[in-house]
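# structural data only, the sequence is not supplied:
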């Protein structure tokens with residue numbers, strides 16, 4: 001590892017005495033591809049990282065005219081935090097979810113005749129998405145396509161280039177009587193979100209906390225006691 005903190009002596013500032021207690025001094029050092037070889041170092045794919053240091057307390061001696069201090073809870077600690085985001089550009093990246101609809105009535109006596117599906121999306125990814133809705137059988141084969149109107153808006157980026165605010169979008173899709181019959185016969189809804197970063201000026205960073213939450217509701221024509 002090559003960086004200023006590994007190539008020489010690092011000076012750590014002293015704490016401040018506030019009378020009966022102290023305010024610790026915090027020193028933070030950032031390592032990236034512009035000031036170190038940390039990218040090459042991490043490409044070794046280590047499963048653990050250890051470090052060793054020699055520490056000299058009060059290296060300059062008495063520079064406070066005998067007013068140095070030491071409290072019972074005084075300590076020196078060091079932490080190493082590594083952030084390795086997935087950085088990429090994509091074309092046709094797909095995320096899929098399969099839902100089994102909870103339909104009123106039975107196969108012989110439908111409770112639902114036709115209707116409008118409403119898809120509520122909460123997008124925590126840093127790019128827009130389109131939605132594809134299919135009805136599939138038990139083996140995953142597509143038996144009908146349901147056109148979806150609308151797009152999923154991108155999450156909002158913070159000053160650090162990462163998504164800090166997911167964005168909610170509403171999409172709609174019409175499902176006809178023939179497609180309702182397929183669902184009552186055991187069909188399932190497969191929801192596919194399609195991502196493309198072609199409109200991004202550069203590669204985007206993906207963190208493991210990013211997610212796309214979906215909720216599907218229906219507004220339609222029902223049959224109650226034999227009457228629509």
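On my side now, so go ahead. All values reported here derive from a predicted model rather than from experimental measurement.
# ok, the lowest-mean-pLDDT helix or strand in the chain: who's next to it in the sheet?
The helix or strand of the chain with the poorest confidence is strand 86-88; it has a mean of 72 (mean pLDDT, DSSP states H and E). Here strand 86-88 has these sheet partners by DSSP bridges: strand 204-206 (antiparallel).
# now do the buried residues in the strand it pairs with.
Using 16 or more other C-beta atoms under 10 Å as the test for burial, strand 204-206 gives 204, 205, 206. Where C-beta positions appear, they are placed from N, C-alpha and C, glycine not excepted.
# who touches the closest residue to residue 171 other than its chain neighbours in this structure?
Excluding the flanking residues, the one nearest residue 171 by C-beta to C-beta, 6 or more residues apart in numbering is residue 150, at 3.8 Å. Residues near residue 150 by C-beta atoms under 8 Å, 6 or more residues apart in numbering: 131, 169, 170, 171, 172.
# look up phi and psi at residue 150.
Backbone torsions of residue 150, given as degrees, to the nearest 10, read phi 110, psi 170.
# what's the neighbour count on residue 188?
By other C-beta atoms under 10 Å, the residues close to residue 188 number 17.
# quick check: which element contains residue 217?
In the assignment (DSSP states H and E), residue 217 maps to strand 212-222.
# got it, and residue 181?
Per DSSP H and E: helix 177-184 holds residue 181.
# and the contacts of that helix?
Under C-beta under 8 Å, 6+ apart, the answer for helix 177-184 is 101, 103, 105-107, 110, 112-115, 135, 143-144, 146, 175, 189.
# skip ahead from that helix and say which helix or strand is next.
Under the assignment DSSP H and E, the closest C-terminal helix or strand after helix 177-184 is strand 188-196.
# and residue 188, what does it touch?
98, 99, 100, 101, 135, 136, 137, 138.
# now, which of the buried residues of strand 204-206 sits nearest residue 70?
Relative to residue 70, the closest of the buried residues of strand 204-206 is residue 205; by C-beta to C-beta it sits at 43.4 Å.
# this completes my enquiry, with thanks.
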